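Colleague: below is the sequence, then the predicted model.
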Amino acid sequence: MAKTIQAIRGMNDCLPVETPLWQWVEDKVRNTMSSYGYNEIRMPIVEKTPLFARAIGEVTDVVEKEMFTFEDRDGESLSLRPEGTAGCVRAGIEHGLLYNQEQRLWYMGSMFRYERPQKGRYRQFHQVGVEVFGIPNAEIDAELILLTARLWKELGIFEHVTLQLNSIGSLEARKNYRQALVDFLQNHLDILDDDCKRRLTTNPLRILDSKNQVVQEVLNNAPKLHDYLDDESREHFRHLCTLLDAVGIRYEINQKLVRGLDYYNKTVFEWVTQSLGAQGTVCGGGRYDGLVEQLGGHATSGVGFAMGLERLVLLVQEVNKTIDLQKTVDVYLIHSGQNTTTPAFELAERIRSTLPRLRVQLNCSGGSFKKQFKRADKSGAKLALVIGEAEVQQQQVIIKDLLNDTEQRSIELTKITDYLRNYFNGEKNGLQC
Ligand code: ATP
Ligand code: MG
């Protein structure tokens with residue numbers, strides 16, 4: 001036998017046993033987005049490398065070490081997208097979506113980062129992202145947080161996530177704070193690990209979320225970001241907190257929360273869970289009022305977030321025991337004997353036309369009635385319909401309830417869709433449409 005080829009490390013297949021849960025989560029996402037009046041946008045998976053370098057920042061972890069970058073046949077440097085905001089802003093500028101107007105956009109799709117694969121961290125993963133343009137005030141920041149909270153409730157994970165909130169101020173305020181932090185850390189060089197030492201010159205604010213306990217203890221005495229905030233950012237943050245208090249969203253202010261990407265200003269937030277081990281951040285976002293201009297557009301405020309679908313699916317599996325995922329088949333159609341194939345096809349198609357939401361699977365691989373009934377059981381269908389030679393002649397079909405051991409019965413072929421409509425109507429709303 002030829003040698004088999006395996007998938008690329010950190011890039012997972014989503015198998016048929018897993019897709020129902022993914023689809024369930026994705027449906028909740030779509031419904032939540034639409035209930036807030038957000039529009040879907042779809043961007044390419046590959047973009048020119050300088051887009052990410054300019055948007056995310058040259059010295060961020062993502063750009064420095066996590067991008068899948070390659071040259072195309074013309075020698076142009078391209079990258080698989082590591083996140084969606086840069087591409088979304090690029091598309092918005094390119095198609096004139098951002099100038100003098102408001103946009104509430106969302107997307108869902110694959111992202112790629114060259115990281116060490118582990119639970120909740122992969123090289124190809126999926127994000128749902130939201131980006132809102134043209135609304136500078138804190139009400140929209142609050143709306144985004146409310147939207148995520150509603151989605152957590154829909155997914156049954158709300159009790160298992162907490163909201164961390166911070167303001168990182170204007171670029172200017174952050175520059176001042178950055179200097180104060182560097183001055184402070186210069187006096188503690190002995191306790192900094194190599195990673196922190198490197199960041200001291202490249203991206204000192206990231207030292208604040210170092211996992212190193214010794215570093216964290218010293219940081220407790222470091223200058224506080226909020227003492228450096230500009231008045232406008234301070235007021236924006238106060239307004240956001242007041243709104244969240246008013247609508248009953250609980251949050252924890254975490255002055256060490258700075259987020260990994262350079263483009264943020266003012267609000268940053270993360271939803272974190274204790275239930276997934278080290279990869280506990282399920283959603284992160286914030287405001288990025290300078291990004292559109294930085295990428296060549298007219299100055300436009302922006303705010304958004306991204307959530308990791310793998311982590312959400314893991315969390316739902318972990319904590320939500322109430323989901324009853326539907327089997328993929330409702331009715332299994334069995335047929336055997338001379339001249340039964342065409343009537344079986346015709347019947348299956350007629351049912352699908354009349355009751356489009358009913359899932360009908362037709363036996364296509366022959367076999368005895370016994371064998372076909374086994375397949376019907378395995379499909380998860382509730383009902384089997386059976387067509388044999390006698391049924392074709394008498395224009396009838398046999399119905400067998402696969403869940404309850406009741407007697408099978410015959411009904412006229414013309415009455416079968418009415419029968420199915422009645423049988424399934426309780427559980428499938430709008431079956432007849
Ligand atoms: P982390 O600190 O876990 O590396 P991050 O700050 O790099 O996260 P973001 O860039 O903010 O992550 O992406 C938003 C969300 O996407 C994260 O909160 C997480 O849920 C998910 N995510 C990020 N990287 C990965 C990955 N490699 N595999 C799976 N999910 C990921
Ligand atoms: Mg990361």
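Modeller: Structure received. Ligands and ions are numbered 1, 2, ... in the order given.
Colleague: so who does the residue of the stretch 251-400 of the chain found nearest ligand 1 touch?
Modeller: Relative to ligand 1, the nearest point of the stretch 251-400 of the chain is residue 308 (2.4 Å; C-beta to the nearest ligand atom). For glycine as for every other residue, the C-beta is placed from the backbone atoms N, C-alpha and C. Contact analysis of residue 308 by C-beta atoms under 8 Å, 6 or more residues apart in numbering lists 120, 125-127, 281-283.
Colleague: residue 419 too?
Modeller: 399, 411.
Colleague: part of a helix, is it?
Modeller: Yes: remark: residue 419 belongs to a helix, assigned using DSSP: H, G, I helix; E, B strand; the rest coil.
Colleague: tell me how far it lies from ligand 1.
Modeller: Residue 419 is 47 Å from ligand 1, where distance means C-beta to the nearest ligand atom, to the nearest Å.
Colleague: if we can go back for a sec, most widely separated two among the contacts of residue 308?
Modeller: Greatest spacing in the contacts of residue 308, by C-beta to C-beta: 126 and 281 (15.0 Å).
Colleague: in terms of neighbours, single out the busier of the two.
Modeller: residue 126 (21 against 18; other C-beta atoms under 10 Å).
Colleague: doesn't that one belong to a helix?
Modeller: No: applying three-state DSSP, one finds residue 126 to be strand, outside a helix.
Colleague: could I get the contacting residues of the nearest residue to it once chain neighbours are set aside?
Modeller: Leaving aside its sequence neighbours, residue 126 sits nearest to residue 309 (C-beta to C-beta, 6 or more residues apart in numbering; 3.9 Å). If you count contacts by C-beta under 8 Å, 6+ apart, residue 309 has them with 22, 25-26, 108, 125-128.
Colleague: which of the residues you listed has the most neighbours?
Modeller: Neighbour-wise, those (other C-beta under 10 Å) top out at residue 128, 24 neighbours.
Colleague: tell me the domain ranges of the protein?
Modeller: With domains defined by automatic domain parsing, the chain comprises 19-169+250-319, 171-228, 331-424.
Colleague: can you put the ones you listed in TSV and add distance to residue 1?
Modeller: Below are those laid out as TSV (distance: least, C-beta to C-beta, whole Å):
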stretch	distance to residue 1
domain 19-169+250-319	28
domain 171-228	45
domain 331-424	25
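Colleague: out of those, which is the most enclosed?
Modeller: domain 19-169+250-319 (a mean of 18; mean count of other C-beta atoms under 10 Å).
Colleague: for the residue in the stretch 1-150 of the chain positioned nearest to ligand 1, which non-adjacent residue is spatially closest?
Modeller: Going by C-beta to the nearest ligand atom, ligand 1 is nearest to residue 125 of the stretch 1-150 of the chain, at 3.4 Å. Nearest non-adjacent residue to residue 125, counting by C-beta to C-beta, 6+ apart: residue 310, 5.3 Å away.
Colleague: need the contact partners of stretch 11-18.
Modeller: With C-beta under 8 Å, 6+ apart as the test, stretch 11-18 has contacts from 7, 22, 122-124, 313.
Colleague: show me what from the stretch 1-150 of the chain comes close to ligand 1.
Modeller: Taking C-beta under 6 Å from any ligand atom as the measure of proximity, the stretch 1-150 of the chain contacts ligand 1 at 83, 113, 115, 120-122, 125, 127.
Colleague: and for the stretch 301-433 of the chain?
Modeller: The stretch 301-433 of the chain comes close to ligand 1 at residues 306-308, 310-311, as judged by C-beta under 6 Å from any ligand atom.
Colleague: take those residues and keep only those in strands.
Modeller: Mapping those onto strands (DSSP state E) picks out 306-308.
Colleague: how close does the residue nearest to residue 125 get to residue 4?
Modeller: 25 Å (C-beta to C-beta, to the nearest Å).
Colleague: and for residue 23?
Modeller: According to C-beta to C-beta, residue 23 and residue 4 sit 29 Å apart.
Colleague: and what of residue 83?
Modeller: Residue 83 is 33 Å from residue 4, by C-beta to C-beta.
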